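> based on what follows, work out the 3D shape:
(2 chains)
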Amino acid sequence: QKEVEQDPGPLSVPEGAIVSLNCTYSNSAFQYFMWYRQYSRKGPELLMYTYSSGNKEDGRFTAQVDKSSKYISLFIRDSQPSDSATYLCAMSASRDKVIFGPGTSLSVIP
Amino acid sequence: DVKVTQSSRYLVKRTGEKVFLECVQDMDHENMFWYRQDPGLGLRLIYFSYDVKMKEKGDIPEGYSVSREKKERFSLILESASTNQTSMYLCASSPEGPTNEKLFFGSGTQLSVL
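Numbering: from 1, shown residues only, chains lettered A, B, ... in the order given. Predicted coordinates for the structure are as follows:
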């Protein structure tokens, strides 16, 4: 079983839709949970960062962590064509290496 | 604007060649990393460094080495390139701290080994 699993998609939604992206993990020691966004032919950029369980909101983006289920989510409200990218979940335990999911490819259609 | 700069965007090399990938960051970050990214496999850590002249193996160090002579520069070396090293290589840096969650990435080098 991989440490971090993520549906690769591709996911295609109409503009304005609510998008839900998810990852599951197996290592209960993970405490830091991140979402990175990667545009085509670019490096990933940090989008959201959450410590431990709970929700975090930033504009149209909401990150959720459920440690009891080992499940994290990223919600995008009012999705825009500029949100079309690959979204990578990532997590780590204390000062340790970051483990990335394989990424979900998202297309938002105007 | 903070930056991680990778010297080449695209590289084509022959099997057996020695390949140097250069990475420079201007954020005075302590930590630097080299990842490779392959479809379906995500990002895999090759090597990292928490200080000048210090290096640590990541998950897939075989066939690679690194050099960090200056704080801002972290080089990845493929000693004898092979076709299975065809990949996107990403350099990243992060500030000193308890975690490495805030990684800043370069734009990547797409390496093709023929």
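> quick check: closest non-adjacent residue to whichever residue of chain A sits closest to chain B.
Using C-beta to the nearest C-beta, the single residue of chain A nearest to chain B is A:G43, 3.2 Å away. In this view, the C-beta of every residue, glycine as well, is placed from N, C-alpha and C. Closest residue to A:G43 apart from its sequence neighbours, by C-beta to C-beta, 6 or more residues apart in numbering or on different chains: B:F105 at 3.2 Å.
> I'd say B:C91 and B:Q6 touch.
Yes. Using C-beta atoms under 8 Å, B:C91 makes contact with B:Q6 at a distance of 5.4 Å.
> neighbour count for those two, which is higher?
It is B:C91, of B:C91 and B:Q6, that has more neighbours when counted by other C-beta atoms under 10 Å in any protein chain shown, with 27 against 19.
> ok, back up a step: hey, what's in contact with both of B:C91 and B:Q6?
Both B:C91 and B:Q6 are contacted by B:21, B:23, B:106, under the criterion C-beta atoms under 8 Å, 6 or more residues apart in numbering or on different chains.
> contacting residues for the residue lying closest to the second one once chain neighbours are set aside?
Nearest residue to B:C23, sequence neighbours excluded (C-beta to C-beta, 6+ apart): B:C91, at 3.4 Å. Taking C-beta under 8 Å, 6+ apart as the contact definition, B:C91 lies against B:4, B:6, B:21, B:23, B:25, B:32-35, B:74, B:76, B:105-106.
> what about the strands in the chain?
Using chain A here. Secondary structure of chain A, counting by DSSP state E: strands at A:4-6, A:11-14, A:19-25, A:32-38, A:45-51, A:54-58, A:61-66, A:71-76, A:85-92, A:99-100, A:104-109.
> actually, chain B is the one I wanted.
With strands called from DSSP E, chain B shows them at B:4-6, B:10-13, B:19-21, B:23-25, B:31-38, B:42-49, B:56-57, B:64-70, B:73-78, B:87-94, B:104-105, B:109-113.
> tell me the pLDDT at A:S94?
According to the prediction, A:S94 has pLDDT 69.
> output the below-cut-off pLDDT ranges for chain A.
A:1, A:94-96 (pLDDT under 70).
> and it, which of its residues are near chain B?
Counting by C-beta under 8 Å from any C-beta of the partner chain, chain A comes close to chain B at A:4, A:6, A:8, A:32, A:34, A:36, A:41-46, A:49, A:88, A:90, A:92, A:94-98, A:100-103.
> name whatever forms a beta bridge with B:V24.
Beta-bridge pairing for B:V24 (DSSP bridges): B:T5, B:R73.
> what sits against the residue nearest to the spatial centre of chain B?
Centroid-nearest residue in chain B: B:W34, 2.7 Å away (criterion: C-alpha atoms, centre = their mean). Applying C-beta under 8 Å, 6+ apart, we find B:W34 in contact with B:21, B:23, B:45-48, B:58, B:64, B:66, B:74, B:76, B:89-92.
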